[in-house]
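Student: This is a predicted model, with the sequence first.
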There are 2 protein chains.
Amino acid sequence: MDAQAWLLEHGPAVDAVLERWLPPLDAAPADLHGAMRHLVFPGGKRFRPGLVLAAAEAVGGPLQSALPMAAAVELIHVYSLIHDDLPCMDDDEERRGRPTVHVLWGEATAVLAGDALQSLAFEGLLMDTDPGRSGRAARDLARAIGPAGLVGGQVDDLRQGENPGDEAFVLSIHERKTAALIQACVSGGARLASASEDQLAVLGAFGLEVGVAFQIADDGLDADEDESGCSLVSLLGREACLERAEALLESALSRIEGMGERAEPLRALARFAVRRKA
Amino acid sequence: MDAQAWLLEHGPAVDAVLERWLPPLDAAPADLHGAMRHLVFPGGKRFRPGLVLAAAEAVGGPLQSALPMAAAVELIHVYSLIHDDLPCMDDDEERRGRPTVHVLWGEATAVLAGDALQSLAFEGLLMDTDPGRSGRAARDLARAIGPAGLVGGQVDDLRQGENPGDEAFVLSIHERKTAALIQACVSGGARLASASEDQLAVLGAFGLEVGVAFQIADDGLDADEDESGCSLVSLLGREACLERAEALLESALSRIEGMGERAEPLRALARFAVRRKA
């Protein structure tokens, strides 16, 4: 199973939902709409939407049923990138080789575009699906990105700039800033595909481990470019980081061993996320 | 019916939900939690939560059923205030006689506190209620505050600083920036109290008119302090604004004439919002 090929195969269906949800460029306020679309089209690898769809497939549900969740997590991801790039946060002027949103549209529009993308994620998810089922997926998504999740992790990550912290603190940032959303992708996709509570528990634990492994590996792989001390690399060294990531990946994979052939895309995406090879 | 007395009577029940939802000050990251709580406790008049509860009562449902929606709209309102106050937006250093969130905790934490309040509003609403019913209320709320609602209105309001615009443009900003959320309060409260589709249509139209009337009256009543030209006052004059608000209020009230005695709190709140007297 080639993870990249799988992502490419399913990307267009996700893009179609995103295109339908996002307000058009030829309507006012066009600058807001442009800012909201900037990092969605062209997007990145669509790794998080891929996880949503692969989790739906893993529990035997129709992929189609999880498409709104796939689009929602991509909008959430882009909202978090736009706000992370702001001058008052990481102050990044470039992302994926293009100017960041605040460079092109100004800070106010960047803040508001992120705000609107968060709202649109919930609106779209709750609009395109059975509310009984998507209500629970939306609740889990909201929890994953709130004060106990993504935002709390970002607050501590910004503060960590002054203080490298200890290993437990770095791991707690990774869990909240990165892994909570990855976990919500996996359990949300499974939920929309009618997963059982047992499957949801297994996949939730899988998602959290994959998320932390992904971030640790990211720290390790980026170690040459960025030795700023805000990662596990400065505490453990590059090799130990990559070993730690691999161990977490193996643990995660062992949890879903019993899910059979239909979980292959999910396994391939997890390996790809951590090893960066399919 | 005394609107202020009614708000005071029901405030504690809303506050109890908000207290339960918001992360505690004695847990980390404490600065994020403090920033999130700053404008919630002490809050304002809790006018929006009041509208939610009054709409539930108007359709004969138990007020209790709408409490999660009441708390959610208050968190959304506070998130929008924190972001509106940012230096890149309205650049306000004081609100309700206290320093604004970014003055006390810095811009990054202010952006993130607003982000987290938006997430927490959806999480709480979807956690405390039957997801089938609250899913629809959450979807309507998300739509009201997204690019076609609150955020779109704020983008145009910021741009309007450079250009007073015409009457239709100002009204379209009021509709999106203020009235869409007021409308979501009224229809969300009614929805959670099992309103019929007919009742929802009537109350939706009522909420939109009350919301626009509220904002026009606000412009008119604030005209002495703030003649910056960003309101209908500079186009029509103070008296004509207040007359326009009164006409919209009367139109809104006539829509719910048939709802009888149990809609009295909703009528009283609408009058209070526009006339600032109970």
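Tutor: Arrived safely. Residues are numbered from 1 along each chain as shown, chains lettered A, B, ... in the order given.
Student: what packs against the helix or strand bottoming out on mean pLDDT in chain A?
Tutor: Across the helices and strands of chain A, mean pLDDT, DSSP states H and E gives its lowest value to helix A:233-236, namely a mean of 84. Here helix A:233-236 touches helix A:167-174, going by 3 or more CB pairs under 8 Å, 6 or more residues apart in numbering or on different chains; DSSP states H and E. C-betas here are computed from N, CA, C, even on glycine.
Student: I'd like the average pLDDT over the helix it packs on.
Tutor: Mean per-residue pLDDT for helix A:167-174: 93.
Student: And for that helix, what's in contact with it?
Tutor: A:153, A:156-157, A:160, A:211-212, A:215-216, A:231-232, A:235-236 (CB atoms under 8 Å, 6 or more residues apart in numbering or on different chains).
Student: Check the average confidence over the helix or strand harbouring A:Ala190, would you?
Tutor: Element membership for A:Ala190 (DSSP states H and E) is helix A:180-192. The pLDDT scores in helix A:180-192 average 97.
Student: same question, stretch A:128-144
Tutor: pLDDT averaged over stretch A:128-144 gives 92.
Student: ok, is it in contact with chain B or not?
Tutor: Yes: Stretch A:128-144 is in contact with chain B by CB under 8 Å from any CB of the partner chain, via A:131-136, A:138-139, A:142-143.
Student: which of those residues has the most neighbours?
Tutor: A:Ala138 (33 neighbours; other CB atoms under 10 Å in any protein chain shown).
Student: Are we agreed that that one is in a strand?
Tutor: No: under DSSP: H, G, I helix; E, B strand; the rest coil, A:Ala138 falls outside any strand and is assigned helix.
Student: Now do the SS call for A:Arg27.
Tutor: Small correction: residue A:27 is Ala, not Arg. coil.
Student: Quick one, grab the pLDDT at it.
Tutor: pLDDT at A:Ala27 comes out at 95.
Student: With adjacent residues omitted, what lies nearest to it?
Tutor: A:His33 (6.6 Å; CB to CB, 6 or more residues apart in numbering or on different chains).
Student: which residues touch the one you found?
Tutor: Counted by CB under 8 Å, 6+ apart, A:His33 has contacts A:22-25, A:27, B:147.
Student: Low-confidence bits of the stretch 1-150 of chain A, can you list those?
Tutor: For the stretch 1-150 of chain A, no stretch has pLDDT under 70.
Student: could you pull out the strands for it?
Tutor: A:94-95, A:98-99 (DSSP state E, counting those that start in this stretch).
Student: Adjacent strands (with direction) for the last one?
Tutor: By that I understand strand A:98-99. strand A:94-95 (antiparallel) (DSSP bridges).
Student: Find out how far the strand it pairs with is from the centre of the chain, if you would.
Tutor: 18 Å (CA atoms, centre = their mean, to the nearest Å).
Student: Could you list the residues in contact with that strand?
Tutor: Looking at what lies outside strand A:94-95 - CB under 8 Å, 6+ apart - the contacts are A:39, A:81, A:85, A:100, A:103.
Student: how far away is A:Ala263 from B:Glu243?
Tutor: 66 Å (CB to CB, to the nearest Å).
Student: and if you look at A:Ala205?
Tutor: A:Ala205 is 63 Å from B:Glu243, by CB to CB.
Student: And for A:Ile76?
Tutor: 45 Å.
Student: the more surrounded of the two?
Tutor: A:Ile76 (27 against 14).
Student: Tell me how many other residues surround the closest residue in space to that one that isn't next to it in sequence.
Tutor: Excluding the flanking residues, the one nearest A:Ile76 by CB to CB, 6+ apart is A:Ala121, at 4.9 Å. Counted with other CB under 10 Å, the neighbours of A:Ala121 add up to 29.
Student: Equivalent analysis for A:Arg98, please.
Tutor: 12.
Student: Tell me who's in contact with it.
Tutor: A:His38.
Student: Can you pull the phi/psi pair for A:Gly149?
Tutor: phi -130, psi -120 (degrees, to the nearest 10).
Student: Flag every buried residue along the lengthiest helix in chain A.
Tutor: The residue-count maximum for a helix in chain A (DSSP state H) belongs to helix A:197-221. Across helix A:197-221, burial judged by 16 or more other CB atoms under 10 Å in any protein chain shown covers A:199-200, A:202-221.
Student: Then stretch A:28-35?
Tutor: Taking 16+ other CB under 10 Å as the criterion, stretch A:28-35 shows A:29, A:31-35 as buried.
Student: Need the CA coordinates for it. CSV is fine.
Tutor: Only the C-alpha atoms of stretch A:28-35 are listed here, as CSV (Å, rounded to 0.1, in the frame of the first residue of the first chain):
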residue,chain,number,x,y,z
ALA,A,28,-17.6,40.1,-1.3
PRO,A,29,-15.7,40.4,0.9
ALA,A,30,-13.3,39.0,-1.6
ASP,A,31,-10.2,39.6,0.5
LEU,A,32,-11.6,37.5,3.3
HIS,A,33,-12.5,34.8,0.9
GLY,A,34,-9.0,34.9,-0.8
ALA,A,35,-7.3,34.7,2.6
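Student: Quickly find the element holding the spatially closest residue to A:Met1 that is not a sequence neighbour.
Tutor: Nearest residue to A:Met1, sequence neighbours excluded (CB to CB, 6+ apart): A:Ala268, at 4.0 Å. Taking DSSP H and E as the criterion, A:Ala268 maps to helix A:264-275.
Student: That helix - contacts with which helices or strands?
Tutor: Partner elements for helix A:264-275 (3+ CB pairs under 8 Å, 6+ apart): helix A:3-21, helix A:47-58, helix A:197-221, helix A:238-255.
Student: Next, format the ones you listed as CSV and append distance to B:Gly258.
Tutor: Shown next, in CSV, are these (distance: least, CB to CB, whole Å):
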stretch, distance to B:Gly258
helix A:3-21, 37
helix A:47-58, 46
helix A:197-221, 46
helix A:238-255, 58
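Student: ok so, going back, next, format the contacts of A:His33 as JSON lines and append distance to B:Gly50 and neighbour count.
Tutor: Converted to JSON lines, the contacts of A:His33 look like this (distance: CB to CB, whole Å; neighbours: other CB atoms under 10 Å in any protein chain shown):
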{"residue": "A:Leu22", "distance to B:Gly50": "34", "neighbour count": "20"}
{"residue": "A:Pro23", "distance to B:Gly50": "31", "neighbour count": "20"}
{"residue": "A:Pro24", "distance to B:Gly50": "36", "neighbour count": "9"}
{"residue": "A:Leu25", "distance to B:Gly50": "39", "neighbour count": "11"}
{"residue": "A:Ala27", "distance to B:Gly50": "34", "neighbour count": "12"}
{"residue": "B:Pro147", "distance to B:Gly50": "27", "neighbour count": "28"}
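Student: Out of the residues you listed, give me the two with the largest separation.
Tutor: For the contacts of A:His33, the maximum inter-member distance is 11.8 Å, found between A:Leu25 and B:Pro147 (CB to CB).
Student: where's A:Ser231 relative to A:Ile173, distance?
Tutor: A:Ser231 is 9 Å from A:Ile173, by CB to CB.
Student: quick one on the thing from earlier: and the residue nearest to A:Met1, how many neighbours?
Tutor: 20.
Student: If I look at it, what pLDDT would I see?
Tutor: On the pLDDT scale, A:Ala268 gets 98.
Student: A:Leu208 too?
Tutor: 98.
Student: surely it meets A:Gln183?
Tutor: Yes: between A:Leu208 and A:Gln183 there is a contact at 4.6 Å, judged by CB atoms under 8 Å.
Student: any idea which helix or strand carries the closest residue to chain B within the stretch 151-278 of chain A?
Tutor: Closest to chain B within the stretch 151-278 of chain A is A:Val151: 4.1 Å, counting by CB to the nearest CB. For A:Val151, the host element (DSSP H and E) is helix A:150-160.
Student: chain center to that helix: distance?
Tutor: 16 Å.
Student: What is it packed up against?
Tutor: Packed next to helix A:150-160, using 3+ CB pairs under 8 Å, 6+ apart, are helix A:67-85, helix A:167-174, helix A:180-192, helix B:30-37, helix B:107-127.
Student: Please export the alpha-carbon coordinates of it; PDB is fine.
Tutor: Output in PDB follows, covering the C-alpha atoms of helix A:150-160 (Å, rounded to 0.1, in the frame of the first residue of the first chain):
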ATOM      1  CA  LEU A 150      -4.400  22.500  20.000                       C
ATOM      2  CA  VAL A 151      -4.700  26.000  21.500                       C
ATOM      3  CA  GLY A 152      -3.400  25.000  24.900                       C
ATOM      4  CA  GLY A 153      -0.400  23.300  23.200                       C
ATOM      5  CA  GLN A 154       0.300  26.300  21.100                       C
ATOM      6  CA  VAL A 155       0.300  28.600  24.200                       C
ATOM      7  CA  ASP A 156       2.800  26.300  25.900                       C
ATOM      8  CA  ASP A 157       4.800  26.000  22.700                       C
ATOM      9  CA  LEU A 158       5.100  29.800  22.500                       C
ATOM     10  CA  ARG A 159       6.100  30.100  26.100                       C
ATOM     11  CA  GLN A 160       8.700  27.200  25.700                       C
END
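Student: Noted, bye for now.
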